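Colleague: Need the 3D shape of this:
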Amino acid sequence: MSTRQSLAQPDNEDRAVAVELAEPSRPGRAVYRRGAANPNGSTTALRADVLGALGVLKVATADQLQRLLRPAATSNKAIRQALGDLALHGLVASDGNTKARHKTWRLEGTAGLEAAGHVLGLPRSDMGSTARGAGRSGAQHAMAVNETIAAFVLGGTAPDAAGGVGTITDWATEVEFVLPGGKRKVRPDAVWQAPEIGVPVLMVEVDRSTMSPERVAAKFTAYRELFRTRVRDNDPVRSDEAAADRTVHWWHRTWPGHTRPGYPPVALVVTDAGPAALAGRQQAVADLSADCWRGRWCREVRDYNDDGWREYDDAVPIIATTLQLLAEHGPLGPVWWRFGRSGRHSLTEALENPNNRAAYDLRQAAREDEQQRVHQELMDSLVCIDCGDVPEEESTWVYGSRQWTRRPGGRCWSCHQDREERLEREAEEQLEAARTANAALRPCWTCRGSIGGKEGSKLELREKARPDRLECPQCEQDRTAEDLGPLMLPVPTKREQMAALVSTPHDPWWEDRLLHAKLYPAKSRRV
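Modeller: Numbers count the residues shown, from 1 in each chain. So this is what the prediction gives:
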């Protein structure tokens, strides 16, 4: 694994290659002669940086090394001088050229690996191979990996692009992880550590569009199988636990500080195709590997909707971008598409799990707030018109044989009861007044009872009878039921009319009989 030792400021005591400092060529001059051991005039610091960079990249061009190690330099001449001196010592070698005719360099033999390991602080067993022969075919894949690492370290080239993160020593290549069973291996193109920005580890896959999307998607299945591997936890704090319970994921012990649910993230960087082809390739890989990154769907039983969230405990976070976008905007720019999310995000934003429980809780809280708002608006509309009370919840009461429900513009239960009792009292008082008034009127023509009807009957009048009323409600209803037609009072006789001239008749219907005689003459009456 890589260390945090800076290649820009090496320790002279730990150099793999010693340098003879030449004496000044002339007294008083600041220019030094080239030493016999390093005739190209390279410095010890630069040679150590080159060794360390090749220890990480395995194969690189002088231009790539210059951008990574001395980005402020205007040319790669100093890098070429250091490579030339290291080649004289048998520590580096060149196998060929890239398609752009740039010479490729690699470490040479065990001496080169040990020298680079000495700079990086790594044992020989962790240094991998020397990539012998990779430059003969142009090392196209290695060049794409190097450009990816350079984009991470240097940042974007666009005017407003974000800067890079870390140094070359934060990276490792040719790292092999053995799957359970020991037959299959997972070998990321590069492994990056940046705990200072919350990324303890990031596996990087660089895809040059030379293999099918199915083969690329199969890599993520292998990653999940690898990440599922558990090992025994030797923490003394857990010594009292059973052996079966003292297991942890191996990666959690290797790279502590991983706090997000799920496994370590994997970045897919695609290149060597047009924008449309690269976009379609990313989508195809996402669709084929959905089972690895989608997560498990969960929802609350109490919810009355289809909303829920995803659990990512057994999911691999996968982010994707193109090498062009990464080089233009850097790793912290909005270049990453997180499988399962829309849009492009910065690195740290893309690593946040989409549609997780926290996002669901926010949506649920918003729904509850909306329900509370609607409920409060309803309760405000149910304010009592008598006392102004605002209820906490809508209520329905059964009052006697009647049901009462609080409604807008209505009353609270207490005011409702008071009003009902008041209306009952007023109705009783009105009924008593009507009975007294109707008893003082003339009786019913048919039954000779009260003109208001029998007390307590359903048809009893609750108000004073009209002056023209001749029958009580019951007799009037019976007349209608028997189809007897309207009541016709007897026509006053001549004797009664003559007597009425002398004194007022005692007949309570006298005025009505006179009126009926005018309205219904004897000739038009039905016999």
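
Colleague: For the rest of this, base every contact and every neighbour count on C-alpha atoms.
Modeller: Noted.

Colleague: Double-check N40 against A82; I have them as touching.
Modeller: Yes - counting by C-alpha atoms under 8 Å, N40 touches A82, with 7.1 Å between them.

Colleague: neighbour count winner among these two?
Modeller: Counted by other C-alpha atoms under 10 Å, N40 and A82 do not tie: A82 has more neighbours, with 26 against 18.

Colleague: Poorly predicted segments of the stretch 151-300 of the chain, please.
Modeller: The stretch 151-300 of the chain contains residues with pLDDT under 70 at 235-239, 242-245.

Colleague: Run through the bridge partners of A190.
Modeller: Beta-bridge partners for A190, by DSSP bridges, are V204.

Colleague: Tell me how far it lies from E147.
Modeller: Noted for A190: a distance of 12 Å to E147, by C-alpha to C-alpha, to the nearest Å.

Colleague: and the lengthiest helix in the chain, which residues are buried?
Modeller: Looking across the chain with DSSP state H, the single longest helix is helix 413-440. Within helix 413-440, the residues that count as buried by 16 or more other C-alpha atoms under 10 Å are 413, 415-416, 431, 434-435, 438-439.

Colleague: Find the pair from the residues you listed with maximum spatial separation.
Modeller: W413 and A439 (38.4 Å; C-alpha to C-alpha).

Colleague: Would you mind identifying the next helix or strand past the worst-scoring helix or strand of the chain on mean pLDDT?
Modeller: Of all the helices and strands that make up the chain, strand 396-399 has the lowest average by mean pLDDT, DSSP states H and E, namely a mean of 70. Per DSSP states H and E, the first helix or strand lying C-terminal to strand 396-399 is strand 402-405.

Colleague: Convert the C-alpha atoms of that next one to PDB, please.
Modeller: In PDB, the C-alpha atoms belonging to strand 402-405 read as follows (Å, rounded to 0.1, in the frame of the first residue of the first chain):
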ATOM      1  CA  ARG A 402     -79.200  12.900  17.200                       C
ATOM      2  CA  GLN A 403     -75.600  13.100  16.000                       C
ATOM      3  CA  TRP A 404     -73.600  16.300  16.300                       C
ATOM      4  CA  THR A 405     -70.500  17.000  14.300                       C
END
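
Colleague: for it, packing partners?
Modeller: With contacts taken as 3 or more C-alpha pairs under 8 Å, 6 or more residues apart in numbering; DSSP states H and E, strand 402-405 sits against strand 396-399.

Colleague: residues touching the spatially closest residue to R246 that is not a sequence neighbour, list them.
Modeller: Leaving aside its sequence neighbours, R246 sits nearest to D233 (C-alpha to C-alpha, 6 or more residues apart in numbering; 5.3 Å). Contact partners of D233, counting by C-alpha atoms under 8 Å, 6 or more residues apart in numbering, are 246-248.

Colleague: now those: which count as buried?
Modeller: Counted by 16+ other C-alpha under 10 Å, these give R246 as buried.

Colleague: Among the contacts of D233, which are located in strands?
Modeller: 247-248 (DSSP state E).

Colleague: JSON lines for the contacts of D233, including distance to V92?
Modeller: Converted to JSON lines, the contacts of D233 look like this (distance: C-alpha to C-alpha, whole Å):
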{"residue": "R246", "distance to V92": "46"}
{"residue": "T247", "distance to V92": "43"}
{"residue": "V248", "distance to V92": "41"}
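
Colleague: Tell me the one of the contacts of D233 nearest L362?
Modeller: Closest approach to L362 among the contacts of D233 (C-alpha to C-alpha): V248, at 31.3 Å.

Colleague: contacting residues for R230?
Modeller: Residues near R230 by C-alpha under 8 Å, 6+ apart: 247-250.

Colleague: OK, contacts around the nearest residue to V119 once chain neighbours are set aside?
Modeller: Nearest residue to V119 in three dimensions, chain neighbours excluded: G52, at 5.7 Å (C-alpha to C-alpha, 6+ apart). Contact analysis of G52 by C-alpha under 8 Å, 6+ apart lists 7, 116-117, 119-120, 169.

Colleague: Could you do G164 as well?
Modeller: 151-156, 330-332.

Colleague: Could you report the neighbour count for R341?
Modeller: By other C-alpha under 10 Å, neighbour count at R341 equals 13.

Colleague: what stretches of the stretch 401-527 of the chain score poorly on pLDDT?
Modeller: For the stretch 401-527 of the chain, residues meeting the criterion pLDDT under 70 lie at 401-402, 522-527.

Colleague: so how many other residues sit close to Q477?
Modeller: 13.

Colleague: and the next element down the chain from the helix or strand harbouring it?
Modeller: Element membership for Q477 (DSSP H and E) is helix 473-481. Toward the C-terminus, helix 473-481 is succeeded by helix 494-502 as the next helix or strand (DSSP H and E).

Colleague: Pull the residues that contact the helix or strand following that following helix.
Modeller: Using DSSP H and E, the helix or strand that follows helix 494-502 towards the C-terminus is helix 510-519. By C-alpha under 8 Å, 6+ apart, the residues outside helix 510-519 that reach it are 468, 488-492.

Colleague: Narrow the residues you listed to those that are buried.
Modeller: The neighbour count (16+ other C-alpha under 10 Å) marks 489, 491 as buried among the contacts of helix 510-519.

Colleague: Please enumerate residues in contact with the host helix or strand of D63?
Modeller: Assigned by DSSP H and E, D63 belongs to helix 62-69. With contact meaning C-alpha under 8 Å, 6+ apart, helix 62-69 is reached by 7-8, 49-50, 53, 73, 75-76, 79-80, 102-105, 146-147, 150, 153-154, 168.

Colleague: Many thanks, have a good one.
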